[in-house]
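In: Test case, fold it:
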Amino acid sequence: MPSDQATLQSDVTSGAIGLPAPPVVPPSGPKVGILLPLSGPNGGLGEAMLRAAKLALAAPGSPILDPHDTAGPSGAANATTVAINAGDRIILGPLTSADTAQVAPIAAAANVPVLAFTSDVTQSHPGVWVMGVTPEQQVRRLVFAAKQEGRTRIAALLPSSALGEAMAQGLTLACADAGLPPPTILTHAGTNESIDATMKQLSDFATRQGVVDQQLKDAAVAATPAAPAAALPGQQVWPAPAAPLSGISATAATTPAVVAPGPPLPAPPFDALLLGDTGLQLQQVITSLHTSGINAAQVRIMGPLLWGAFASKLHALAGAWYAGPQPTARLGFVQLYQAAYHQSPKLLTDIPYDAAALARSIASKSYDVGDLTRADGFAGVDGVFTLKPDGHVHRALAIFQVQPGGGSTIVQPAPSTLNDTGS
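Out: Numbers count the residues shown, from 1 in each chain. A predicted model of the protein is given here:
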């Protein structure tokens, strides 16, 4: 592991032995601006995220952290101007997509890089990196895992929403990067009728059902007995018996035969299917999977990280995958935060901690784009990540598989390194 990456990683793991709160050290080094809502409705979350960033910069020689409140009357744009005028050489934050849109042009004009805390990948631009765990990252991990499994024909049924659009864009990019054919992507309007009709269209249900209907028709023709032949001169034609044959009861002789199940539907025109729904819409999607004859033996179902919050209720999707950070990766950070602040960190505090630790690890290199986008990346609380020149961030994520009884388990751990062929 490179020295900078090792330094960043040591910040995470050192808390595993339960160290006391870090000592207060006089700040030194370059100034690092951080933009957060430190007042108003999100003030509590903003303060928790600020504490995490301070924790990452607590060691001697760390950059000076310069906080600015984006919830003030002048908003994120003014906070950015103040930070730049104060000499901040890199900006961590802001929290939301809307604030990032305000910050980006001001920072770009001053040639100050931004590590935004949003997960809205549309805010990614050269010089502005989206640090949240994005749908694009999740889909990329799923596509490369599906390819490793031998699956090459990927389709998607997605809601007409911002999440659905982000997943669709991520799927198209990931398939291209993986050398796979362009995916077939359809969106639905959210109603039960729309979900069912779109699923049948995507799975080519009418054609597949037509194959089965023809097989049944052919089987019926083959099973129809031929008409009795007329008797030749001098030939006896035996009449059908008027009573059951010996040893067979009258009841048995008149009971209809058990009808064997018909032939199964042919496989759909894809071997991996990406879904994006949650809640009641996901329940209808599951119903449509069954009525369209799509099963886990033929198709790998894949979905968003959001499924992890209610995986215990997803037994009907046993075998499905979703991608996310490996929980064990953040244990050291959790213990370090608890030791320092006597409370557990909120989930989003991972992001400012990693961003601040990154800023510390390359503080001596002037935050040049080449150093920010180095190929080996950085080891963070949620795993290894790399910043790309276009503002996108690639993350090493684990693959979780839904279990028959509900819940999920990791079937592919997060890799320890990243490269251009996928995580």
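In: burial measure for the spatially closest residue to Arg89 that is not a sequence neighbour, as a count.
Out: Nearest non-adjacent residue to Arg89, counting by CB to CB, 6 or more residues apart in numbering: Pro30, 4.8 Å away. Every C-beta, even on glycine, is put in place using the N, C-alpha and C of the backbone. Neighbour count of Pro30, defined by other CB atoms under 10 Å: 17.
In: could you show me where the helices are in the stretch 51-200 of the chain, in order?
Out: 75-85, 97-109, 135-148, 162-177, 192-202 (DSSP state H, counting those that start in this stretch).
In: mean confidence for the helix or strand just after the last one?
Out: By that I understand helix 192-202. Moving toward the C-terminus from helix 192-202, the next helix or strand (DSSP states H and E) is helix 205-223. With pLDDT averaged residue by residue, helix 205-223 scores 85.
In: Can you list the buried residues in helix 205-223?
Out: For helix 205-223, the neighbour count (16 or more other CB atoms under 10 Å) marks 205, 208 as buried.
In: Could you list every helix and strand in contact with it?
Out: Judged by 3 or more CB pairs under 8 Å, 6 or more residues apart in numbering; DSSP states H and E, helix 205-223 is in contact with no other helix or strand.
In: quick check: angle from it to helix 192-202?
Out: Put simply, helix 205-223 runs at 70 degrees to helix 192-202, going by axes from the mean of the first three to the mean of the last three CA atoms, to 10 degrees.
In: Identify the residues contacting helix 205-223?
Out: Here helix 205-223 makes contact (CB atoms under 8 Å, 6 or more residues apart in numbering) with 199-200, 262-266, 268, 292-293.
In: Mind exporting the C-alpha coordinates of it to PDB?
Out: C-alpha atoms of helix 205-223 as PDB (Å, rounded to 0.1, in the frame of the first residue of the first chain):
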ATOM      1  CA  PHE A 205     -43.400 -12.600 -22.800                       C
ATOM      2  CA  ALA A 206     -45.800 -12.800 -25.800                       C
ATOM      3  CA  THR A 207     -43.100 -14.600 -27.900                       C
ATOM      4  CA  ARG A 208     -42.100 -16.900 -25.100                       C
ATOM      5  CA  GLN A 209     -45.700 -17.800 -24.400                       C
ATOM      6  CA  GLY A 210     -46.300 -18.400 -28.100                       C
ATOM      7  CA  VAL A 211     -43.600 -21.000 -28.100                       C
ATOM      8  CA  VAL A 212     -45.300 -22.800 -25.200                       C
ATOM      9  CA  ASP A 213     -48.700 -22.600 -26.800                       C
ATOM     10  CA  GLN A 214     -47.300 -24.200 -30.000                       C
ATOM     11  CA  GLN A 215     -45.600 -26.900 -28.000                       C
ATOM     12  CA  LEU A 216     -48.900 -27.700 -26.300                       C
ATOM     13  CA  LYS A 217     -50.700 -27.700 -29.600                       C
ATOM     14  CA  ASP A 218     -48.200 -30.100 -31.200                       C
ATOM     15  CA  ALA A 219     -48.400 -32.400 -28.200                       C
ATOM     16  CA  ALA A 220     -52.200 -32.500 -28.400                       C
ATOM     17  CA  VAL A 221     -52.100 -33.400 -32.100                       C
ATOM     18  CA  ALA A 222     -49.600 -36.200 -31.400                       C
ATOM     19  CA  ALA A 223     -51.800 -37.600 -28.600                       C
END
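In: Tell me how far that helix lies from the chain's centre.
Out: Its chain's C-alpha centre and that of helix 205-223 lie 39 Å apart, by CA atoms, centre = their mean, to the nearest Å.
In: what do you get for stretch 390-401?
Out: 8 Å.
In: So which bits of stretch 176-194 are buried?
Out: 178, 180, 183-185, 187-188, 194.
In: Can you get me the start-to-end distance on that stretch?
Out: Stretch 176-194 has an end-to-end distance of 29 Å (CA to CA, to the nearest Å).
In: who's in contact with that stretch?
Out: 140, 143-144, 147, 152-160, 164, 168, 171-172, 175, 195, 197-199, 201-202, 269-270, 274, 281, 284, 420-422.
In: just to revisit the earlier point, would CSV of the helices of the stretch 51-200 of the chain with distance to His342 and mean pLDDT be doable?
Out: Output for the helices of the stretch 51-200 of the chain, formatted as CSV (distance: least, CB to CB, whole Å; pLDDT from 0 to 100):
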stretch, distance to His342, mean pLDDT
helix 75-85, 29, 97
helix 97-109, 30, 98
helix 135-148, 32, 98
helix 162-177, 36, 97
helix 192-202, 47, 98
